[in-house]
Structure formats: C-alpha cells, structure tokens
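Enquirer: Requesting a structural model of the entry that follows:
(one chain, ligands or ions: 2)
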Amino acid sequence: MRRLKILFVSPEVDPFVKVGGLADMVGALPKEVAALGHDARVVCPLYGSTKRVGEWKARQEPLGVDVGAEARWARTWETALPGAEVPAYFIEHEEYFGRREVYSDAEDNVFRFAFFCRAALALCEQLQWIPDVIHCHDWTTGLLPVMLNTTLRDSALGRSATVFTIHNIEHQGQAPFGIVDFARLPVSEYRSDSLESRGHVNMLKAGLYHSSKITTVSPTYAREIRTREGSFGLDDVLRVRGADLMGILNGVDVANWDPATDTALPANFSADKLEGKAVCKAALQKQLGLVVDPKIAVFGVVARLVHQKGLDLLAESVGHITERMQVQFAILGSGDARVENAFRTGTERSAGKIGAHIGFDPRLARLIQAGSDFFVMPSRAEPCGLTQMYALRYGTVPVVRATGGLVDTVQDYVAGADQGTGFLFREANSAALYQAIGRACATYYDRPAELRAMQLRGMKVDFSWQTNAARYVDSYRWAIAARTGEAFVE
Ligand code: ADP
Ligand code: GLC
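Expert: Ligands and ions are numbered 1, 2, ... in the order given. The predicted structure follows:
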C-alpha cells in the first residue's frame, strides 16, 4: 500500500483554536490517518486567540502569498498535534489573522480565507512537499480546489487531488466579485457551474464543483443535503456531484474524551465503576447554583446558541418544564442574545432549578457531559454532532431531535424492550421537545433499572475513529484515482 501525503486545510484545529466540532474533527482525524501509516499534516491560520500548545518554531523563510495586485508576506509556525507526530503549520499575518476571532463580521472575512488558501498552497511549494490529497474543510477552504484546477493546474500541485468535507452547509461564504481578482482566479470561472451564485461568489459551492470528491460528516446528513430544503440553495451542485459525495460519520478522540481519565472532572468513572458520576453531578449542581440533590434528574446542554441548534425552543419552554416536572437544567453556551437572555432570566427566577453559564468554557463543558443524567439537543439540523457522542460515553442519556448525525448515533428507547440509547423526537417545536423531556423524566423516576441499562449500552458504543478513518483513506484513494487516473489499489 502506498503511503499517502495528506494535507488538512482547516480554519480550526483543537487544541489550538476551536469554535465548534470542526476543530475536534480536524484535531483527531489526522492522527488516525497517520496511525494508518500515512504522512498527514495540518495547516491553519494563526489567530490572535490561538493557544500555543506544545513547542512552536518559526520557519526561517518568509512565505510569499500570491493574492491581490502584489504578493503578501506571511510567517509560518510549525508545531505538532499533541500526542502524535502530525506536523501542524500556522500561517501568521497580522492584518488578516491578528484579530482574536476566527470568523469575523468585518468585510474582509472572505478575503482572509482566500488568502489562507493561497498561503496553504504556497507552503506546500516552499516545503517541496506536494500532497497526494488536500483535505479541505467547509467554505473557508472553498477556493482552494478552484486554484488547483485553474492557475496551478500545470504546476506540480496540479496533480494533488482534493477531498472536500462539508461540516455545515448553512455557512457558504458569500463574497463579492472582487474576490476573483484578489484570489487570482480566471474571470471565466465566474459562472453558475463554478464560482457564481445569485450574483455573488459562493465559496462553498465553488469548492463543491471543483474538488475531486466530497464527503460530509454523517450518512443521514449526506441524504438531507441533497434535498431542496436541506441543501440551503445548493441542491443543484449536489445533484451534479451526487455520485462523488459520501457520508462518513465523525469519530470521537476516545483518549481525549474518556470519563475514566478525564482530568477536568472531580472524579473519574467507567461503565464498570459508576460511583464517580454522582460526585460529578454534585459538583455540577454546586457550580451552577442548582439545588444539590442526587435524586433530581439533571438535563445538560452544551452548545453554540444559534438557530441551527434549536435551543430557542428550550429557552421558551424551560420555565414551564421546570414548573411541571421534577428536573434541573445545566446549560452552557453563547450566541444569540435573545436565547442567552432567556436562559439568564430563567436562572434568576428558577430557585435552583436552572443554572446557565453564558460563555465558552471547555472545563465546564466536560463537567456537564459527566454530571448530567440527560443531554439535550433540539437541533433543527445537525450535520453530525459530537456532543451527543461525548454524552453517551459519559453515561449521559441524549434527548435529541431526529435529524442528521443524531439519527445515526442515538437509538430511540422502547419501553420494556431492552433497546435504545436515548430519546428521539421528530418535530422542531417546543411541544415535541417538552414531550421528549417528559418521556425521559418518566423513565428516570418510574423505570430506573431500564434507564441504567440504557446508560450502560450507550457507554459501550464504539465511537472510535478507527473504522471511519479508514473510510476517509478510501475517499483519498478514490479522489486520487479521479484526479490522476492512478488505479485505486488496496
Ligand atoms: P458544532 O460544531 O455544530 O458546534 P458539535 O457537537 O460537533 O457541534 O461540537 C461542538 C463542540 O464544541 C464540542 O466539543 C463542545 O464541547 C464544544 N462547545 C460548544 N459550545 C461550547 C461552550 N460554550 N463551551 C465549551 N465548549 C463548547
Ligand atoms: C459542524 C456541525 C456539527 C459537526 C461538526 C464537526 O460544526 O454543526 O454537527 O459535528 O461540524 O463535523
């Protein structure tokens, strides 16, 4: 088997910079691909907020990046993913990435990432390391496959295949026409089966037209995004490229997310020795100002508070739920100001039944995963979702809407049938959420033995990356075959 060279190009990578699950995925998959014998590397921008974990070394040579009228200069830093020999490169450029935020509301946001794509490619040339496959992630990397297919087609890099992973089709990177010149792309690409969409450049769509193969992060989402309403306007390109699209479920970095060793927890536990979970529950109740009582069912939430996650449905009903049911809520998140305020007000009025922390706090996220009895995700859409898998591993039973990766990772409970790992509901409204929480609550109080069996089943599900990392390697070989005509040999 040939050893492949694979470059992951991503706007986020855990533990250096993280907004959501994309960072977790890109922090984990390259390690697994390397463990399968391949040369995997990662490149990411260096933001003002990036954490310099481990040893960092600046590369001597400045990096010339061909954008706009004259080349710009960047500095490259080199480190490695913790616990693995996977090189990670960071592109430093004060004007574009010096600010703290990863995604910015400023007008230059799309230009920053066009710059990043050119920089990633310039880095390969400088390293004289030509990847067999460039694995792109989400809209920020959408122009990279276009660069390979046009201005770089006849260079050494022109042989590199691309795999494009859609983590979230709702974010597409809409850019003004001027980005075509800035990214030094041929104006002839400004057409509806390439860069153009509704009078703008659509960076995600461009990536989907131009990459060798496409993946998304769960089989169910791969089906959903082919439909009119699930595609957010991109059903045409997904129909054209449908045969090149596959859904591969994300895995969990099982060494990093393990309740038996997690150092963020006040006590560790496992399926064979669950006592530590009660210690975590008490610590969670205390930290969030909830009434400390082991008998009350705690429902946890850790999420970006955006429309996609459906937490407005919880925000509007949480007061009512806590009046009617003997339950508590432990909530961590930030985003939509209205949802934040609803949870803040709920906390103030609830007398120890609702505890919300508004912000980003990885340690508290782990305590909520470990200390809750249930984990709530009323997502309107969920490409994969990692938090429900973390919850399952931490013995916390998910209550989730039946969409995307949630369908692929949580099996619905059937009373008396020894079956299921969580509670699923269909409609995206607060009545359906109310019912599902009611069903979970009734199981907790009325059928504790069944709930315990369900919890243990969830803890034993294998969410490790192993199988699915091998499927990504298949997608790489498939992409190489498409790009170069080189046979796909096992
Ligand atoms: P998404 O990528 O759509 O946000 P995922 O479930 O795939 O959803 O991943 C979310 C990741 O971000 C998880 O690792 C979760 O723990 C983390 N996370 C989300 N919100 C917060 C927060 N407020 N504080 C700390 N971690 C968070
Ligand atoms: C996106 C999706 C989430 C997925 C993550 C990692 O942020 O919203 O469902 O788990 O990417 O692929």
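
Enquirer: Just list the residues touching the residue in the stretch 1-150 of the chain positioned nearest to ligand 2, thanks.
Expert: As assessed by CB to the nearest ligand atom, ligand 2 sits closest to Gly21 within the stretch 1-150 of the chain, at 3.1 Å. No exception for glycine: its C-beta is placed from N, CA and C like everyone else's. By CB atoms under 8 Å, 6 or more residues apart in numbering, the contact set of Gly21 is His167, Asn250, Cys384, Gly385, Leu386, Thr387.

Enquirer: Would you confirm that the fifth one contacts Asp253?
Expert: It refers to Leu386. No: look at Leu386 against Asp253 with CB atoms under 8 Å: they stay out of range, at 9.4 Å.

Enquirer: Overlap in contacts, the two.
Expert: When contacts are counted by CB under 8 Å, 6+ apart, Leu386 and Asp253 have Asp24 as shared neighbours.

Enquirer: got the residues of the protein near ligand 1?
Expert: 20-22, 24, 302-304, 332-334, 360-362, 365, 384-387 (CB under 6 Å from any ligand atom).

Enquirer: rerun at 5 Å
Expert: Contacts of the chain with ligand 1, taken as CB under 5 Å from any ligand atom, map to 20-21, 24, 302, 304, 332-333, 360-362, 365, 385-387.

Enquirer: Which ones among those map onto strands?
Expert: Val302, Arg304, Leu332, Gly333 (DSSP state E).

Enquirer: Could you identify the most distant pair in those residues?
Expert: Among these, the pair separated by the greatest distance (CB to CB) is Arg304 and Leu332, at 10.5 Å.

Enquirer: More neighbours: which of the two?
Expert: Neighbours per residue, other CB atoms under 10 Å: of Arg304 and Leu332, the larger number sits with Leu332, 24 against 15.

Enquirer: Give me every residue in the stretch 51-200 of the chain lying close to ligand 2.
Expert: Within reach of ligand 2 by CB under 5 Å from any ligand atom, the stretch 51-200 of the chain has these residues: His167, Asn168.

Enquirer: what ranges of the stretch 151-300 of the chain fall below the confidence cut-off?
Expert: Filtered on pLDDT under 70, the stretch 151-300 of the chain yields no residues whatsoever.

Enquirer: Show me the helices in it, by range?
Expert: 178-182, 203-210, 219-224, 235-240, 275-287 (DSSP state H, counting those that start in this stretch).

Enquirer: Look up the closest residue to Cys441, ignoring the ones flanking it.
Expert: The shortest distance from Cys441 to any non-neighbouring residue, by CB to CB, 6 or more residues apart in numbering, is to Met325 (5.0 Å).

Enquirer: what pLDDT does the one you found get?
Expert: Per-residue confidence (pLDDT) for Met325: 98.

Enquirer: Mind listing what's buried along the helix or strand where Ile437 lies?
Expert: Element membership of Ile437, judged by DSSP states H and E, is helix 430-446. Buried positions in helix 430-446, judged by neighbour count with 16 or more other CB atoms under 10 Å: Ser430, Ala432, Leu433, Tyr434, Ala436, Ile437, Arg439, Ala440, Cys441, Thr443, Tyr444.

Enquirer: elements contacting that helix?
Expert: strand 297-305, helix 311-324, strand 374-377, strand 397-401, strand 423-425, helix 448-460 (3 or more CB pairs under 8 Å, 6 or more residues apart in numbering; DSSP states H and E).

Enquirer: And stretch 27-40, how far out from the chain middle?
Expert: Centroid separation for stretch 27-40 versus its chain: 18 Å, with CA atoms, centre = their mean, to the nearest Å.

Enquirer: Start at 817, not 1
Expert: In the new numbering, first residue 817, that becomes stretch 843-856.

Enquirer: Outside of that stretch itself, which residues are in contact with it?
Expert: Contact with stretch 843-856 is made by 817, 819-822, 824, 829-831, 834, 857-858, 897, 899-902, 1067-1069, 1072, 1281-1282, 1285-1286, 1288-1289, as judged by CB under 8 Å, 6+ apart.

Enquirer: in that stretch, what's buried?
Expert: For stretch 843-856, by 16+ other CB under 10 Å, it's Gly843, Ala844, Leu845, Pro846, Lys847, Glu848, Val849, Ala850, Leu852, His854, Asp855, Ala856.

Enquirer: And the pLDDT for the nearest residue to Gly1116 once chain neighbours are set aside?
Expert: Beyond its immediate neighbours in the sequence, the residue positioned closest to Gly1116 (CB to CB, 6+ apart) is Ser1188, lying 3.1 Å away. Looking at Ser1188, its pLDDT stands at 98.

Enquirer: Equivalent analysis for the one 4 residues further on, please.
Expert: Reported pLDDT at Val1192 in the predicted model: 98.

Enquirer: Just give the number of residues close to the closest residue to Tyr919 other than its chain neighbours.
Expert: With CB to CB, 6+ apart as the criterion, Tyr919 has its nearest non-adjacent residue at 6.6 Å, and that residue is Asn925. Residues lying near Asn925 (other CB under 10 Å) number 16.
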